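Asker: model the structure of this input:
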Amino acid sequence: MRYEPAPLTRHLRVRHDRGHTVLELRGEIDIAAAAEIVPHLDMATAEPGARIVIDLTHVEFFDLSGLRLLYRARQRIADGPGRLRLVCAHPLTLRMLRITGTSRLLPPWPTLDAALEHPEGASGPL
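Answerer: Residues are numbered from 1 along each chain as shown. Below is the predicted model:
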């Protein structure tokens, strides 16, 4: 049986898996949800060398506010030795990531296991 911690907010569950902090976003990620998520995102990305995975598997709606969260996390990780991975398989969200160029900056992985098991230096599939 796998232990799942209670969500920090309606839209976020944080857990640790294979040396990574997994930020699992849930439901509708809009401006209100993003405001709830930002403090937790900032806390997770504040540690030098943080290894973060943002998992969008359980997201039903994702707008510009969600993209801002991804860019914020990427910017905070980019200045240090940390690593940021994205998990996304939803066709509409993937389309938004491609159209905006986000998928080039933060290549999405199709599953959490794929993102966690891949070697350190490799990028996600497009």
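
Asker: can you pull the poorly scored residue ranges out of the protein?
Answerer: Residue ranges of the chain with pLDDT under 70: 1-8, 119-126.

Asker: which residues of it fall in strands?
Answerer: 12-17, 20-29, 51-62, 83-87, 108-109 (DSSP state E).

Asker: would you mind saying which of those strands lies nearest Leu41?
Answerer: When these are compared by Cβ to Cβ, strand 20-29 sits nearest Leu41, at 6.5 Å. Where C-beta positions appear, they are placed from N, C-alpha and C, glycine not excepted.

Asker: quick one: the strands of the chain as a markdown table, columns for mean neighbour count too.
Answerer: Shown next, in a markdown table, are these (neighbours: other Cβ atoms under 10 Å):
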| stretch | mean neighbour count |
| --- | --- |
| strand 12-17 | 16 |
| strand 20-29 | 20 |
| strand 51-62 | 19 |
| strand 83-87 | 21 |
| strand 108-109 | 22 |
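
Asker: nearest to Leu94, of the ones you listed?
Answerer: When the strands of the chain are compared (using Cβ to Cβ), the closest one is strand 108-109, at 6.4 Å.

Asker: next up, the contacts around the closest residue to Leu92 other than its chain neighbours.
Answerer: Distances taken as Cβ to Cβ, 6 or more residues apart in numbering place Phe62 nearest to Leu92, at 7.8 Å, with adjacent residues excluded. Contacts for Phe62 were tallied using Cβ atoms under 8 Å, 6 or more residues apart in numbering; they are Ile29, Leu56, His90, Leu92, Thr93, Met96.

Asker: thank you kindly, that will do.
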